[in-house]
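[1] just coords:
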């Protein structure tokens, strides 16, 4: 993602939301939920 230059705040927000969802899924998997 560092190589991508996102100048659109909406795109940045969307990417952050996707990352948050991925992190949540990883945490749930580690907890065995």
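    Yep, that arrived. The model shown is predicted, which means the values in this text are computed figures rather than measured ones. Numbers count the residues shown, from 1 in each chain.
[2] which element is the spatially most central residue of the chain on?
    Of all residues in the chain, the one closest to the mean position by Cα atoms, centre = their mean is residue 19, 0.8 Å from it. Residue 19 belongs to helix 9-30 when assigned by DSSP states H and E.
[3] And that helix, how far out from the chain middle?
    3 Å (Cα atoms, centre = their mean, to the nearest Å).
[4] What average pLDDT does that helix get?
    Helix 9-30 comes out with an average pLDDT of 92.
[5] Show me what it packs onto, helices and strands only.
    The helices and strands touching helix 9-30, judged by 3 or more Cβ pairs under 8 Å, 6 or more residues apart in numbering; DSSP states H and E, number zero. (Each C-beta comes from the backbone N, C-alpha and C, glycine too.)
[6] Pull out the buried positions in it.
    Buried residues in helix 9-30, defined by neighbour count with 16 or more other Cβ atoms under 10 Å: none.
[7] quick one: residue 11 from residue 24, how far?
    According to Cβ to Cβ, to the nearest Å, residue 11 stands 21 Å off from residue 24.
[8] Same check on residue 14?
    16 Å.
[9] Residue 13 now?
    Residue 13 is 16 Å from residue 24, by Cβ to Cβ.
[10] which residues touch stretch 24-33?
    Around stretch 24-33, nothing counts as a contact under Cβ atoms under 8 Å, 6 or more residues apart in numbering.
[11] Check the offset of it from the chain's centre.
    15 Å.
[12] From residue 13, how far off is the residue nearest to the centre of the chain?
    Taking Cβ to Cβ as the measure, residue 19 falls 11 Å from residue 13.
[13] Next: residue 26.
    From residue 26 to residue 13 the distance is 21 Å (Cβ to Cβ).
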